[in-house]
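okay, here's the prediction I keep looking at, along with the sequence it came from:
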Amino acid sequence: MNKLMTTADVVDQLRDGMTIGFGGWGPRRKPMAIVREILRSNVKDLTVVSYGGPDVGMLCAAGKVKKLIFGFATLDAIPLEPWYRKVRESGALELLELDEGMWQWGLRAAGMRVPFLPTRCGLATDITKLNPELKTIQSPYADGEVLLAMPALKLDVALVHVNVADQLGNTLIQGGDPYFDHLVARAADACYVSAERVEERLALTPDQARLNTFERYLVKGVVHAPCGAHPTTCAPEYGWDMSHFKRYVASAAEEGGWQAYMDEFVTPGEAAYQVKNGGIERMGKLPLPVF
Amino acid sequence: MSNNTEFTLAELMIVAASEAWRGDGEVLASGIGVIPRLGASLAKLTYAPELLMTDSECFLIEEPIPLGPRGDYVPKYSGYMSFERVFECVWGGRRHAMIGPTQIDRFGQTNLSVVGDYKKPKAAILGVRGLPGNSINHINSFFVPNHSKRVFVEGEVDMVSGVGFNPARWEPGMKQDFMDIRRIVTDLCVLDFEGPDHAIRVRSLHPGVSFDEVQEKTGFPLLKAPELGETPHPTAAQLEIIRRLDPHDLRGAQIKGNPPGIRTAA
């Protein structure tokens, strides 16, 4: 069994109109090498499900996003995600804007193959008013409480970036917070992971093995993508690239800015991308942010 | 209260923010942003050591971490609080968060999503983030660095992200009991919702600020708390702790112009 493939192989699996979930959180451990491959492709009309960072912003900038299912989009140190903001303000996006907790609750429901899970989150806000497809349900027990029935967020494809994988599809997330990648993987028909390092077969100590957060039977393909989360963080190895973020943010204010960003960083391919950003040598040593 | 120590408005607001967590018991204190975080840290280091706090990433600490580059300082972790654990904490109600929403209305409803029309907004902000879940599950306070009618809007906020005391938004059977909106610390005053039927009131005024000025910069009518007085000044001991927690003076950049805590008449 060998699940090794390329970013191009992953994007070959995508179809127009698919619902795609992204791992990571804001500007942290996003599968950006695969995102760049999507940007180079003709795939369109995607429903993007993400705790949004530059994955959301870049896919919006490139006109790939038909609908966004999200709780936020941000670069954190730069609070407002520039391209999300620009495209969102143009009125071009269909939206399902969710509380952060509802978002993971919907993925959980999908992974558990139930139609919905109850929660209080979202009640009495504009979320339910703006999205009448979100229904409430009354507790069948004595309390009779009215709760929001968060529908399952079923994904066609999940894209996740991890620190380490093997050719069988075993994965390790070595940063302090694994975020919700396990739920993204479970909610999808097919999950593809990119990894900083790929081994033939992992042979781990118990402490290392605990950093495996979802099973390999969920993983359909493994891509070797060193610095594949750049310009987002990939703790504990490298931090976000603030100078790249600034360049990216500036592109949203320039006439033809997105095309220029594509020409400079994306279109020439991943090897050229690394050269443009100072090489793996620099990218892999970017300091982790301190709060 | 004054001991004639010089202090900035930011420092006064940190102390006012710290008061929000008094008496909460063992809850996760989440101060998002420089002033709320320093407020929570100050509370933990003075009258509320029982508070839980994180390193602003995913580990629990018992000693609040100074802000910014740490030099020799090495955080001492006491537990774990990944985002997944934060949701478990939020939904279980053992948290008091203080964040800075884009808009707040008379009901305590908050907005972090968009300004203007939802479909084609004048400004897209962050998205609702955790406000819907936070507001309906645990204690919340707010921080406003620029008290104005743009923040304290007339009518309802443009996109109700966090719930509040607006009866029109609640349907029969929905549980409101866990909603608990405490304080709003602004650059002019401290507000609460302890008026009749949770009406919003001015609880204290910062030195040199009048009730009329606050009212004029607010998009809805305010009540005066019967005990309305001046926001307590930081003590020398509090200032010493704040300066130790914020060695790079990040607080100095939080309020436009970094004004002194005691304003003289303009």
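Nice, thanks for sending it over. Numbering: from 1, shown residues only, chains lettered A, B, ... in the order given.

going forward, measure contacts and count neighbours with C-alpha atoms only.
Fine.

where do the helices of the chain begin and end?
In the absence of a named chain, this looks at chain A. Counting by DSSP state H, the segments of chain A that form helices are A:7-12, A:32-40, A:54-61, A:82-89, A:100-112, A:126-130, A:181-186, A:206-209, A:242-251, A:257-261, A:270-276, A:279-283.

correction: the question concerned chain B.
According to DSSP H, the helices that chain B contains are B:9-19, B:34-45, B:83-92, B:131-137, B:211-216, B:236-245.

from the ones you listed, which stretch is densest packed?
With neighbours defined as mean count of other CA atoms under 10 Å in any protein chain shown, the helices of chain B peak in mean count at helix B:131-137, which reaches a mean of 29.

and that one, what does it pack against?
Judged by 3 or more CA pairs under 8 Å, 6 or more residues apart in numbering or on different chains; DSSP states H and E, helix B:131-137 is in contact with helix B:83-92, strand B:180-186.

chain center to the first one, what's the gap?
Right, helix B:83-92. Chain-centre distance of helix B:83-92: 20 Å, with CA atoms, centre = their mean, to the nearest Å.

so which residues on chain A come close to chain B?
A:70-74, A:79-81, A:85-86, A:88-91, A:97-101, A:120-127, A:138, A:144-147, A:176-180, A:290-291 (CA under 8 Å from any CA of the partner chain).

buried subset of these, written for PyMOL?
Buried residues among these (16 or more other CA atoms under 10 Å in any protein chain shown), as a PyMOL selection:
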select buried, chain A and resi 70+71+72+73+74+80+81+85+86+88+89+97+98+99+100+101+120+121+122+123+124+125+126+127+145+146+147+177+178+179+180
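
those strands in chain B, which residues are they?
Along chain B, the stretches classed as strands by DSSP state E are B:28-31, B:53-54, B:59-61, B:77-80, B:95-99, B:103-104, B:110-111, B:114-115, B:123-124, B:139-144, B:180-186, B:189-192, B:201-205, B:223-230.

which one, of those, ends up nearest to A:G228?
Shortest distance between A:G228 and those, using CA to CA, is found for strand B:59-61: 25.5 Å.

off-centre distance for stretch A:59-77?
Taking CA atoms, centre = their mean, one finds the center of stretch A:59-77 at 10 Å from the center of the full chain.

ok, so what distance separates B:C189 from B:S210?
In this view, B:C189 and B:S210 are 9 Å apart by CA to CA, to the nearest Å.

and for A:D177?
Computed with CA to CA, the distance linking A:D177 and B:S210 is 46 Å.

residues in contact with stretch B:106-123?
Residues from elsewhere that reach stretch B:106-123, judged by CA atoms under 8 Å, 6 or more residues apart in numbering or on different chains: A:85, A:88-91, B:101-104, B:124-129, B:131, B:152-166, B:181, B:193, B:198-200, B:220.

for that stretch, buried residues please.
Residues of stretch B:106-123 classed as buried: B:106-115, B:118-121, B:123 (neighbour count, 16+ other CA under 10 Å).

again with stretch B:173-191
Residues B:174-176, B:179-191 are the ones in stretch B:173-191 that count as buried (16+ other CA under 10 Å).

and the gap between B:K44 and B:W21?
Distance of B:K44 to B:W21, computed by CA to CA: 9 Å.

oh, that last question was meant for B:R94, not what I typed.
For B:R94 relative to B:W21 (CA to CA), the value is 12 Å.

which one's more surrounded, these two?
More crowded of B:R94 and B:W21, by other CA atoms under 10 Å in any protein chain shown: B:W21, with 29 against 19.

quick one, phi psi at the more buried one?
Here is the backbone geometry of B:W21 (degrees, to the nearest 10): phi -90, psi 0.

likewise for B:K175?
phi -90, psi 110.

that one contacts A:E145, doesn't it?
Yes - B:K175 is within contact range of A:E145, at 6.8 Å (criterion: CA atoms under 8 Å).

which residue, neighbours along the chain excluded, lies closest to B:P66?
Using CA to CA, 6 or more residues apart in numbering or on different chains and skipping the chain neighbours, the partner closest in space to B:P66 is B:L245 (4.2 Å).

pull the contacting residues for the one you found.
Neighbours of B:L245 in contact, by CA under 8 Å, 6+ apart: B:L38, B:S41, B:P64, B:I65, B:P66, B:L67.

quick one: which of those is nearest B:E57?
Using CA to CA, B:I65 comes nearest to B:E57 of the contacts of B:L245, at 11.3 Å.

and that closest one, how many neighbours?
Burial of B:I65 is recorded as 23 neighbouring residues (other CA under 10 Å).

please point out which parts of stretch B:197-210 sit buried.
Across stretch B:197-210, burial judged by 16+ other CA under 10 Å covers B:H198, B:A199, B:I200, B:R201, B:V202, B:R203, B:S204, B:L205, B:H206, B:P207, B:V209.

out of the residues you listed, who's nearest chain A?
B:H198 (16.8 Å; CA to the nearest CA).

how about the strands in chain A?
Using DSSP E, the strands assigned to chain A run over residues A:4-5, A:19-22, A:46-52, A:65-73, A:94-97, A:116-119, A:135-138, A:146-151, A:155-166, A:171-172, A:188-199, A:219-224.

cool, thanks, signing off.
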